[in-house]
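J.: only the shape, not the letters, is given here:
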């Protein structure tokens, strides 16, 4: 018997880069005009010397000009996600940080800091309620679905809610992983596993 190790000189390409990047379609006339003007600017920059360029190089330059024009069109029309915290809350947080950094605080600074802690907490709570309300309203108006809104508002996902085994319920990951060998053993022997 002969054993050997083969090492390939060429690295395997990652599959994560094979997908087509999501490009938004130009939706209105203003975006189309902006795209055409950006494309004209990029095409002028491309050298069109047919003797020296290979066909693939020319194709790559044209494709690059198209992609750049599309990206620049969308970057100017970019509408960021709504912020959860309002500008007034951010200003209050910055004010609190300034007071916290001062070494020797006067009595009035300490009182202001105490009031800021309470005020910031109150404002953040109100901002988050407003943020949730806006997302629910947007999803109800566009699709009429509360499920999509809840999915967007969900902050975490549980690995598994729980697993019942012989009358005991395992809720955390370690307990569930401890149940796994018994479950596998009973599956292999053909016995019914009680859940």
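T.: Perfect, I can see it now. Keep in mind that this is a model prediction, so the values were computed, not measured.
J.: which stretches in the chain count as strands?
T.: Listed in chain order, the strands found in the chain under DSSP state E are 163-165, 168-170.
J.: which of those has the lowest mean pLDDT?
T.: Here the strands of the chain differ in mean pLDDT, and the lowest is strand 163-165 at a mean of 72.
J.: closest one to residue 95 among the strands of the chain?
T.: Go through those one by one with Cβ to Cβ and the one that ends up closest to residue 95 is strand 168-170, at 47.8 Å. Any C-beta I mention is one placed from the backbone N, CA and C, and that applies to glycine too.
J.: in the closest one, what counts as buried?
T.: Judged by neighbour count (16 or more other Cβ atoms under 10 Å), strand 168-170 contains these buried residues: residue 170.
J.: what's the domain layout of the chain?
T.: Segmentation of the chain into domains, based on automatic domain parsing, reads 26-76, 87-153, 159-195.
J.: least trustworthy helix or strand in the chain by mean pLDDT?
T.: Lowest on mean pLDDT, DSSP states H and E among the helices and strands of the chain sits strand 163-165, with a mean of 72.
J.: just to revisit the earlier point, dump the strands of the chain to JSON lines, plus distance to residue 125.
T.: Formatted as JSON lines, these follow (distance: least, Cβ to Cβ, whole Å):
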{"stretch": "strand 163-165", "distance to residue 125": "36"}
{"stretch": "strand 168-170", "distance to residue 125": "34"}
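J.: quick one: which of the ones you listed is nearest residue 61?
T.: In this view, these are compared for proximity to residue 61 by Cβ to Cβ, and strand 163-165 is the closest at 57.7 Å.
J.: what's that closest one packed up against?
T.: Counting by 3 or more Cβ pairs under 8 Å, 6 or more residues apart in numbering; DSSP states H and E, the packing neighbours recorded for strand 163-165 are strand 168-170, helix 173-189.
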